[in-house]
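> Test case, fold it:
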Amino acid sequence: MEPYWSYEDIGAFFFVLVVVAAVVRLGIRTHLLGPSDLVAPSLTLQISIIISLGIALYAILKRRRQKPVIAPLGWVAPSAFYTLLAVVGGIALALGITLFTYAQHRVMPMIPAIDFLVLGLLLGPMLEESVFRGCLLPVVAHTFGNAVSIITTAVLFAAFHSPSDVAHWVWFTTTGIGYGWLRLASKTTTASALMHATCNLTLFLAAKF
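Predicted coordinates for the structure are as follows:
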């Protein structure tokens, strides 16, 4: 859990994130992208952005530090116990969200199956857990302690998703706390990504059925 990178490296990544957002807006203004891509980006655009950001994170750490990246970010196999806990925890988080949604007489959002498989089950959890729990959380934990790191990364994780109301803020923050706790407990980002993907899968199935 002792990170060799710093807030400067994290700042460099978020600068790239801002640049990518600006490029997308420029593409819309110059009609290279459709106006709808700002509100509901196409699957191709989302895949391109996620892959670009993943490469950027890897390149920043590799080029600036000249050290291995994948394992230090926590992408190692968790124990069987934490693997099981990731699956059970992901289902529990999703069921809690589903029950709350129905209690509020809301409708679970539906997304196309292919979009979910690529983004919600694979690329999304991989990138988000690499950034928030793999990269950012260890640095904050080293500076301020575990509790602050879990809450801080959870709030930033929620903000990253641009929640539309208080309920969504609570959902994303709560799940982020769960992912962060598992990251610290298991000492792997793989476990938190598995919990993230399992939660997304359960929510997708709940919306379907």
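> separation between the residue positioned nearest the centre of the chain and Arg29?
Centroid-nearest residue in the chain, with CA atoms, centre = their mean: Glu128, separated by 2.4 Å. Distance, Glu128 to Arg29, using CB to CB, to the nearest Å: 28 Å. C-beta coordinates here come from the backbone N, C-alpha and C atoms, glycine included.
> Which helix or strand lies directly C-terminal to the one helix or strand in the chain whose mean pLDDT sits lowest?
Using mean pLDDT, DSSP states H and E, helix 36-39 stands out as the lowest-scoring helix or strand of the chain, at a mean of 78. Next helix or strand after helix 36-39 toward the C-terminus (DSSP states H and E): helix 43-65.
> who's in contact with the helix or strand following that following helix?
Beyond helix 43-65 on the C-terminal side, the first helix or strand identified by DSSP H and E is helix 80-103. Helix 80-103 has contacts (CB atoms under 8 Å, 6 or more residues apart in numbering) with 78, 107-108, 167, 171, 174-175, 178, 182, 185-186, 188, 191-192, 194-203, 206.
> correct me, but Ala193 touches Met126?
Yes - counting by CB atoms under 8 Å, Met126 is a contact partner of Ala193 at 6.1 Å.
> of those two, who's got more company?
Ala193 (27 against 19; other CB atoms under 10 Å).
> where's that one relative to Val39, distance?
Ala193 is 27 Å from Val39, by CB to CB.
> follow-up on the earlier one: buried only: go through the contacts of helix 80-103 for me.
78, 171, 174-175, 178, 182, 186, 188, 191-192, 194-203, 206 (16 or more other CB atoms under 10 Å).
> among those residues, which are in helices?
Among the buried ones among the contacts of helix 80-103, the ones falling in helices (DSSP state H) are 171, 174-175, 178, 182, 186, 191-192, 194-203, 206.
> Burial check on Ile49, number of neighbours?
If you count neighbours by other CB under 10 Å, Ile49 ends up with 18.
> whoops, Leu99 was the one
Around Leu99 there are 11 residues (other CB under 10 Å).
> do Val16 as well
Under the criterion other CB under 10 Å, the count of neighbours that Val16 has is 17.
> next one: Ala80
Applying other CB under 10 Å, I find that Ala80 has 8 neighbouring residues.
> show me where pLDDT drops low in the protein?
For the chain, the stretches flagged by pLDDT under 70 are 1.
> circling back: contacts only, for the residue nearest to the centre of the chain.
Phe157, Phe160, His196 are the contacts of Glu128 under CB under 8 Å, 6+ apart.
> Between those residues, which sits nearest Phe14?
Phe160 (10.2 Å; CB to CB).
> Phi, psi for Ser162 please.
phi 50, psi 60 (degrees, to the nearest 10).
> next one: Val76
phi -130, psi 160.
> ok, the residue lying closest to it once chain neighbours are set aside to Leu137 distance?
Leaving aside its chain neighbours, Val76 sits nearest to Thr188 (5.3 Å; criterion: CB to CB, 6 or more residues apart in numbering). As judged by CB to CB, Thr188 and Leu137 stand 12 Å apart.
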